[in-house]
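*Asks:* Following is a predicted model, sequence given first.
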Amino acid sequence: MTLRLFDSATRAERDFVPLVAGHVGIYLCGATVQGSPHIGHMRAAVAFDVLQRWLERSGHTVTLVRNVTDIDDKILDKAAHAGEPWWSWALRFEREFGAAYSALGVLPPAIEPRATGHIPQMVALIARLIERGHAYELAGSVYFDVRSFGAYGALTRQAAEDLTLPADAAGDDKRDPRDFALWKAHKDGEPATASWESPWGPGRPGWHIECSAMAQRYLGEAFDIHGGGLDLRFPHHENEQAQSRAAGYEFAALWMHSAWVTQAGAKMSKSLGNGLLVSEVLAHHAAPAVRLALASVHYRSMLEYTPSTLDDATATWNRLAGFVTRAAERVGQPSDVVSADLPAGFVEAMDDDLAVPRALAHIHDSVRAGNAALAAGDDEAAAAALVAVRAMLDVLGLDPMSPQWSGSSGASTALTALDALVRADLDARAQARARRDWAAADAIRDRLAAVGIAIEDSTEGARWSLEH
RNA sequence: GGUGGAGUGGCCGAGAGGCGAGGCAGCGGCCUGCAAAGCCGUAUACGUGGGUUCGAAUCCCAUCUCCACCUCCA
């Protein structure tokens, strides 16, 4: 079976065939760095990270371009309000996004191009659109001529005349109210640093043109997949496609859109408060559990966020990681995880438009079989389950033994010291248990529990872990 | 108004004509000194009303409710 993906443009699933066999070019709309990342942003990032991992696991070389839009109206507004240069404002949030991505194990893209670093490419593309009769200049700004491009609306299947007109459309002289800016003439009051020379005078790029220009520069005139959040479909993606195709380029062969995070059925937004900022969530929950929560719903379904979402994911993560830890202690680490065979059901699920929930069900099956094997003393079966579980989790970016999650950075010396202290307690408790002094044994366990250290007894002795 | 999406057991979530995915929580049992972890078992679920069918959560008709995009949004 081959990978099938749902194409948002045709609203149908189809076999995925790369333009160049074995290579996949993906353009992913990253952040407009105007504020701190929240878990909705990360949901999209994780969804496409799983896509990349699955494509690579299936033998493809993936070139993923994830842009940073570091100049736009909002950035200018917010920075001005804060009395800070817009460029430093943008970079600050770009860093926050970067930290959030890496905290959640999102693989770094092949390149992360910034809009402000590609002004010449945008200017060239705009000039080409004017030449071809699909754009026109007006008082130092340049607009895309929607009516000149018959296929406008193709991506979202909307007829241009059905669109609600923007509220501010009445006053200007655009040929059509739906025409959108490719180049915005410099306005008095805007910082000089937000202005670049162009054939139409000083100004700055419009919102959509950067993606068309950068996709072409790094992936070529035609590429395999364009991704982003569902809310970018219109107008952003529609306009991107219109620009690129009007310029004579094929652009994306397939579109993928990830759904958002909802609360009580409604889309998450900044107005709901800071509790869902990545920094806030990570302060209270383990990063792999957060990633698991974001990945465990199909990427095209809304992810309903409830107060128990992260607690549930934490419990699940503990179960998965617990099995891997216990199994590894018993049978040792497999030499190779990344090329180990994957269970057929798992492969089938992932090949079916990345059906992660179904894939997870297979992971749970293997974990249960593995736990049963451990209990029965069947090391061979336990070892087989361990490899399978780690290999499957690796596809989701959730292998507990990966460097990302096995954690051996700055905290290790503290953990080593703590381990020595806790082991002393565990030895004392073992002695108390040996003389059947249950009160003393329980007192030790309770004292450790009170500071967040959980004890598990097993035939091999006691094991401790930090409760998160 | 236009374009789409969704309503599944206490909760989260798959599935899409026929052996009731999976997880969390709950209940019963095994294991344990007691726990924890683990294992086994355990649910008259598919918005409502009709219809098609031997058989529907899955198809058809009607209907209710919710959400999103069309302005910035992952």
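*Replies:* Now that the structure is in, tell me what you want to look at.

*Asks:* Residue of chain A closest to RNA strand B, please.
*Replies:* Proximity of chain A to RNA strand B (C-beta to the nearest atom of the strand) peaks at A:Gly229, 1.5 Å away. Bear in mind the C-beta positions are built from the backbone N, C-alpha and C, glycine included.

*Asks:* if I look at the closest residue to A:Gln333 other than its chain neighbours, how far off is A:Phe323?
*Replies:* Closest residue to A:Gln333 apart from its sequence neighbours, by C-beta to C-beta, 6 or more residues apart in numbering: A:Met401 at 7.0 Å. Noted for A:Met401: a distance of 12 Å to A:Phe323, by C-beta to C-beta, to the nearest Å.

*Asks:* So those two - more neighbours on which side?
*Replies:* A:Phe323 (23 against 18; other C-beta atoms under 10 Å).

*Asks:* For the more buried one, give me the pLDDT.
*Replies:* Predicted confidence (pLDDT) at A:Phe323: the value is 96.

*Asks:* Residues of the stretch 201-350 of chain A that sit close to RNA strand B?
*Replies:* Residues of the stretch 201-350 of chain A lying near RNA strand B by C-beta under 7 Å from any atom of the strand: A:207, A:228-236, A:258-262, A:265-269, A:297-298, A:301-304, A:306, A:308-309, A:311-312, A:315-316, A:318-319, A:322-323, A:326.

*Asks:* Please list the members of these that lie in helices.
*Replies:* If you go by DSSP state H, those have A:Thr309, A:Asp311, A:Asp312, A:Ala315, A:Thr316, A:Asn318, A:Arg319, A:Gly322, A:Phe323, A:Arg326 in helices.

*Asks:* ok, of these, which come out buried?
*Replies:* Buried members of these, counted by 16 or more other C-beta atoms under 10 Å: A:Thr309, A:Thr316, A:Asn318, A:Gly322, A:Phe323, A:Arg326.

*Asks:* And for A:Trp87, the neighbour number?
*Replies:* By other C-beta under 10 Å, neighbour count at A:Trp87 equals 16.

*Asks:* Which positions in stretch A:460-468 come out as buried?
*Replies:* Quick answer for stretch A:460-468 (16+ other C-beta under 10 Å): A:Ala462, A:Trp464.

*Asks:* what mean pLDDT would you report for that stretch?
*Replies:* 82.

*Asks:* Dump it to CSV, restricted to CA.
*Replies:* In CSV, the C-alpha atoms belonging to stretch A:460-468 read as follows (Å, rounded to 0.1, in the frame of the first residue of the first chain):
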residue,chain,number,x,y,z
GLU,A,460,14.0,-6.8,40.5
GLY,A,461,13.7,-4.4,43.3
ALA,A,462,12.2,-0.9,43.7
ARG,A,463,12.3,1.8,41.0
TRP,A,464,11.8,5.4,41.6
SER,A,465,10.6,8.2,39.3
LEU,A,466,9.7,11.8,39.5
GLU,A,467,6.0,12.5,39.2
HIS,A,468,5.3,15.2,36.8
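
*Asks:* Check the gap between A:Ala253 and A:Asn239 for me.
*Replies:* From A:Ala253 to A:Asn239 the distance is 18 Å (C-beta to C-beta).

*Asks:* Which one's more surrounded, those two?
*Replies:* A:Asn239 (24 against 17).

*Asks:* Send over the helix or strand harbouring the more buried one as CSV, restricted to the C-alpha atoms.
*Replies:* Element membership of A:Asn239, judged by DSSP states H and E, is helix A:238-246. Presented in CSV, the C-alpha positions along helix A:238-246 are these (Å, rounded to 0.1, in the frame of the first residue of the first chain):
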residue,chain,number,x,y,z
GLU,A,238,-5.7,31.2,-2.2
ASN,A,239,-3.8,34.4,-2.9
GLU,A,240,-0.4,32.6,-2.8
GLN,A,241,-1.6,30.1,-5.4
ALA,A,242,-3.2,32.9,-7.6
GLN,A,243,0.1,34.9,-7.6
SER,A,244,2.3,31.9,-8.4
ARG,A,245,0.1,30.5,-11.1
ALA,A,246,-0.6,33.8,-12.6
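
*Asks:* what sits up against stretch A:236-253?
*Replies:* For stretch A:236-253, contacts defined as C-beta atoms under 8 Å, 6 or more residues apart in numbering pick out A:19, A:27, A:29, A:125, A:128-129, A:132, A:134-135, A:144, A:146, A:148-149, A:151-156, A:158, A:180, A:182, A:207-209, A:211-212, A:215-216, A:221-226, A:228, A:255.

*Asks:* swap in stretch A:37-46?
*Replies:* So stretch A:37-46 is contacted by A:30-31, A:93, A:96-97, A:100-101, A:104, A:106, A:227-229, A:258, A:260-261, A:268, A:270, A:276-278, A:281, A:290-291, A:294-295, A:303, A:305, A:397 (C-beta under 8 Å, 6+ apart).

*Asks:* The same query, at a cut-off of 6 Å, please.
*Replies:* A:96-97, A:100-101, A:104, A:106, A:229, A:258, A:260-261, A:268, A:276-278, A:281, A:291, A:294-295 (C-beta atoms under 6 Å, 6 or more residues apart in numbering).

*Asks:* Over that stretch, what's the mean pLDDT, rounded is fine.
*Replies:* Rounded mean pLDDT across stretch A:37-46 is 95.

*Asks:* hey, C-alpha coordinates of that stretch in CSV?
*Replies:* Below are the C-alpha coordinates for stretch A:37-46, written out as CSV (Å, rounded to 0.1, in the frame of the first residue of the first chain):
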residue,chain,number,x,y,z
PRO,A,37,3.5,30.7,20.4
HIS,A,38,0.5,28.9,21.8
ILE,A,39,-0.3,25.3,21.5
GLY,A,40,-2.5,25.8,18.4
HIS,A,41,0.6,26.8,16.5
MET,A,42,2.4,23.8,17.8
ARG,A,43,-0.4,21.5,16.8
ALA,A,44,0.2,22.4,13.2
ALA,A,45,4.0,22.1,13.6
VAL,A,46,3.7,18.7,15.1
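
*Asks:* Would you map the strands across the stretch 351-468 of chain A?
*Replies:* A:453-458, A:461-466 (DSSP state E, counting those that start in this stretch).

*Asks:* quick one on the thing from earlier: okay, and which of the contacts of stretch A:37-46 map to strands?
*Replies:* Among these, DSSP state E puts A:Gly229, A:Ser258, A:Val261 in strands.

*Asks:* neighbours around A:Thr416, how many?
*Replies:* 9.
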